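Participant: sequence below, structure please.
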Amino acid sequence: MKIRIKGNSMRYRLTKSEVQTFCETGFFKETTDFGTRTFTYAIATGEGEELLQATFEDATITLFLNEKERLGWADSAQVGFRHTMPLGDGRELTLLLEKDFVCMDESVEDQTDNYPNPRA
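Facilitator: Residues are numbered from 1 along each chain as shown. As a prediction, this is how the structure comes out:
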């Protein structure tokens, strides 16, 4: 799972097996070890009707996708989900969750578990 943050926008990209695990279990996480502390980013099943929500607690960013959307995502052609989460005082956090496709450039990272790129 990859995470990309820029300003008040956040994007998660999941490989095929990560999407499958999340859809089956309702949870998936990755960690980055900084020696004395660990940063965690996770995706979990959210409660309620809101499409996507996010929290940041105890050095962990958790993105929540509602159960209705989670259940069929792995087997669907749906690439991802987007939602703008109001933060109050006119501020917003843009959330994007999507399947990770094979890159079109000469990327050196392992992409064997990525979805085929529809533009290839």
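Participant: going forward, measure contacts and count neighbours with C-alpha atoms only.
Facilitator: Noted.
Participant: beyond the worst-scoring helix or strand of the chain on mean pLDDT, next helix or strand please.
Facilitator: Lowest mean confidence among the helices and strands of the chain (mean pLDDT, DSSP states H and E): helix 67-73, at a mean of 91. Following helix 67-73 in sequence order, the next helix or strand is strand 80-88 (DSSP states H and E).
Participant: list the buried residues in that next one.
Facilitator: For strand 80-88, the neighbour count (16 or more other C-alpha atoms under 10 Å) marks 81, 84, 85 as buried.
Participant: of those residues, closest to residue 56?
Facilitator: Set against residue 56, the nearest of the buried residues of strand 80-88 by C-alpha to C-alpha is residue 85 (13.4 Å).
Participant: I figured the closest one hits residue 96, correct?
Facilitator: No. If you go by C-alpha atoms under 8 Å, residue 85 and residue 96 don't touch, sitting 10.7 Å apart.
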